[in-house]
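Engineer: pasting the structure only:
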């Protein structure tokens, strides 16, 4: 389920988990499950950010190559 979650939803869910933990509104028996889910969400967000960075870098690099090619003509 976490793997297919959008970045914004993952961040919102992570905020909810953190809030529950900070408010001590979570049962000790559930704490481990919530921490595991939080770790999965953090990893998902990190992966999505890294993927976006690579895509942006590729677009910028392609754009710069186009500019250089135009300048050489």
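Structural biologist: Arrived safely, thanks for sending. What you see is a predicted model, and the numbers here were worked out from it, not measured in a lab.
Engineer: distance of the residue nearest in space to the middle of the chain relative to residue 51?
Structural biologist: The residue lying closest to the centre of the chain (Cα atoms, centre = their mean) is residue 45, at 1.6 Å. Taking Cβ to Cβ, to the nearest Å as the measure, residue 45 falls 11 Å from residue 51. Using the backbone N, CA and C atoms, a C-beta is placed for each residue, glycine as well.
Engineer: excluding sequence neighbours, find me the nearest residue to the residue nearest to the centre of the chain.
Structural biologist: Of all residues not flanking residue 45 in the chain, residue 10 sits nearest, at 5.3 Å (Cβ to Cβ, 6 or more residues apart in numbering).
Engineer: that neighbour: how many residues sit nearby?
Structural biologist: Residue 10: 18 surrounding residues under other Cβ atoms under 10 Å.
Engineer: same check on residue 40?
Structural biologist: Using other Cβ under 10 Å, residue 40 has 17 other residues around it.
Engineer: likewise for residue 44?
Structural biologist: 21.
Engineer: got a list of what it touches?
Structural biologist: Residues near residue 44 by Cβ atoms under 8 Å, 6 or more residues apart in numbering: 2, 3, 5, 7, 10.
Engineer: distance of it from residue 19?
Structural biologist: Applying Cβ to Cβ, the value for residue 44 to residue 19 is 19 Å.
Engineer: ok, now residue 26?
Structural biologist: 10 Å.
Engineer: now swap in residue 43 and tell me
Structural biologist: Applying Cβ to Cβ to residue 43 and residue 19 gives a distance of 20 Å.
Engineer: quick one: average confidence on stretch 54-62?
Structural biologist: Averaging pLDDT along stretch 54-62 yields 94.
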